[in-house]
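> Got a sequence here, can you build the structure:
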Amino acid sequence: MVTTGELYLLVVTVMALVAFAAAIPVLLDIAREGRERLREGPVSPVEGADEGDGDDGVRCRHCGTVNEGEYAYCEECSQQL
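You can find the predicted model right below:
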């Protein structure tokens, strides 16, 4: 007969394995993106991103829109900066 503790341990182990299997593609994408960022180098800021208020911004290489410096994705086309 299976005790409650053994059943609990089995359920928790299965759930952990399923969560790990679901996380593998995400972790691989994160590693791939990190390698691409290292290969591309730093993104250069653009002066006067917000109509002359003096803040630096980042120009999207896909559509040319100037975005705030802390953004990771373009406000206009939603592509990665």
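> Just read off the phi/psi values of residue 66.
phi -90, psi 120 (degrees, to the nearest 10).
> how much space is there between it and residue 60?
Distance, residue 66 to residue 60, using Cβ to Cβ, to the nearest Å: 8 Å. No exception for glycine: its C-beta is placed from N, CA and C like everyone else's.
> Check which element follows the helix or strand bottoming out on mean pLDDT in the chain along the chain.
Of all helical and strand segments in the chain, the minimum by mean pLDDT, DSSP states H and E falls on strand 45-46, at a mean of 54. Sequence-wise, the next helix or strand downstream of strand 45-46 (DSSP states H and E) is strand 57-59.
> State the paired neighbours of whichever helix or strand comes after that next one in the sheet, together with their directions.
Heading C-terminal from strand 57-59, the first helix or strand you meet, by DSSP H and E, is strand 66-68. According to DSSP bridges, strand 66-68 forms sheet pairs with strand 57-59 (antiparallel).
> Quick one: mean pLDDT over the strand it pairs with.
Rounded to a whole number, the mean pLDDT of strand 57-59 is 86.
> from the chain's centre, how far out does that strand sit?
Distance of strand 57-59 from the chain centroid (Cα atoms, centre = their mean, to the nearest Å) equals 18 Å.
> mind checking the SS state of the spatially most central residue of the chain?
By Cα atoms, centre = their mean, the chain has its centre lying nearest to residue 30, at 6.5 Å. Three-state assignment for residue 30 (DSSP: H, G, I helix; E, B strand; the rest coil): helix.
> Name all residues that make contact with it.
For residue 30, no contacting residues are found, by Cβ atoms under 8 Å, 6 or more residues apart in numbering.
> Quick check: it vs residue 57, distance?
Separation of residue 30 from residue 57 (Cβ to Cβ): 25 Å.
> And residue 10, by the same measure?
In terms of Cβ to Cβ, residue 10 sits 53 Å off from residue 57.
> do the same with residue 28
Note on residue 28: its distance to residue 57, by Cβ to Cβ, is 31 Å.
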